[in-house]
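Asks: with the sequence up front, the predicted model follows.
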Amino acid sequence: MTQMAKLTWVETKLQFREWATVVFGVLFPAVLLIVLAFAFPGFRDPDPELAGLRAVDLYTPILLVFALVVVGITSISSVLATYRHEGILRRLRTTPMGPGRLLVAQLVAQLVVAVLGAGLAIVAAMTVLDVAPPRSWPGAVVALLLAAVSMFGIGLLIGALAPSTSVATAISSIMWMPIMVLAGLWFPRELMPDVMRRISDFSPGGAGVEAMRGAWFEGAVPTSSLGVLAAFALVTGGIAAVTFRWD
């Protein structure tokens with residue numbers, strides 16, 4: 001096993017030793033979707049204002065993006081900042097392991113958590129809430145993975161620069177709110193004013209939801225949404241690799 005593979009394997013195992021990762025990264029999205037579906041009247045009824053879809057149908061992609069934000073922005077930045085604060089990064093600096101390899105290992109480890117959480121939410125939606133499966137499974141997978149990488153790029157950038165866990169937590173907490181507002185967590189994109197929806201189209205949350213909805217309901221992923229996600233992933237990930245601080 002190569003050094004890169006060993007590092008990735010260790011980081012992945014460490015994630016599943018944290019109860020918060022298991023609860024919020026894997027279980028929470030499915031639980032939240034089920035709670036919303038049964039707690040709000042009419043959430044499982046077709047709505048003419050939503051083109052005949054049910055609110056639970058529209059919220060399934062939204063909560064998948066929410067799961068990616070929790071894992072990709074909050075968790076990954078906290079892990080890297082904690083490593084820096086506790087001096088772990090300083091010790092890693094003396095090894096041949098460069099910042100690029102460390103960031104990739106973190107990205108893969110967190111991606112495993114995110115995929116498990118998203119998979120569980122999709123199974124819960126289809127079996128418990130009778131949500132129809134995506135019309136294009138390949139498109140849904142591509143949209144989900146690209147949305148994950150774009151969110152993780154933001155988390156890597158925060159973690160690359162934040163001097164402590166508290167600073168990383170504060171920054172990620174501030175950032176996830178507008179991302180999820182534009183993704184439609186509080187009210188669907190279909191009900192947004194035109195200006196707000198246009199802004200949402202160019203945000204990672206809005207583009208992620210739009211990409212997954214395209215695969216889910218139309219069988220085709222909008223290339224514009226994939227372009228926005230790819231741009232966020234490349235820019236934030238690239239800046240994180242260049243500006244990474246060991247201490």
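Replies: Structure's in. What do you need? All of these numbers come straight from a predicted model, not from anything done at the bench.
Asks: just the helices in the protein please.
Replies: In the chain, the helices defined using DSSP state H lie at 3-15, 19-20, 28-39, 55-69, 76-85, 88-92, 99-127, 137-161, 165-183, 194-201, 204-213, 223-243.
Asks: which stretch in these is the model least sure about?
Replies: Lowest mean pLDDT within the helices of the chain: helix 19-20, at a mean of 73.
Asks: mind listing residues that contact it?
Replies: With C-beta atoms under 8 Å, 6 or more residues apart in numbering as the contact definition, helix 19-20 has outside contacts at Ser75. C-betas here are computed from N, CA, C, even on glycine.
Asks: how far off centre is it?
Replies: 17 Å (C-alpha atoms, centre = their mean, to the nearest Å).
Asks: again, but for stretch 55-63
Replies: 15 Å.
Asks: what's in contact with that stretch?
Replies: When contacts are defined by C-beta under 8 Å, 6+ apart, stretch 55-63 is touched by residues 29, 32-33, 36-37, 40, 42-44, 47, 50, 121-122, 125, 129, 131-132, 183-185, 188, 190, 208-209, 212-213, 216-217.
Asks: returning to that earlier point: most tightly packed of the helices of the chain?
Replies: helix 204-213 (a mean of 28; mean count of other C-beta atoms under 10 Å).
Asks: dihedrals phi and psi, Leu185?
Replies: As for Leu185, its main-chain torsions (degrees, to the nearest 10) stand at phi -60, psi -40.
Asks: touching, it and Val69? I think so.
Replies: No: if you go by C-beta atoms under 8 Å, Leu185 and Val69 don't touch, sitting 9.2 Å apart.
Asks: which residue is nearest the middle of the chain?
Replies: Nearest to the geometric centre of the chain sits Leu68, at 1.5 Å (C-alpha atoms, centre = their mean).
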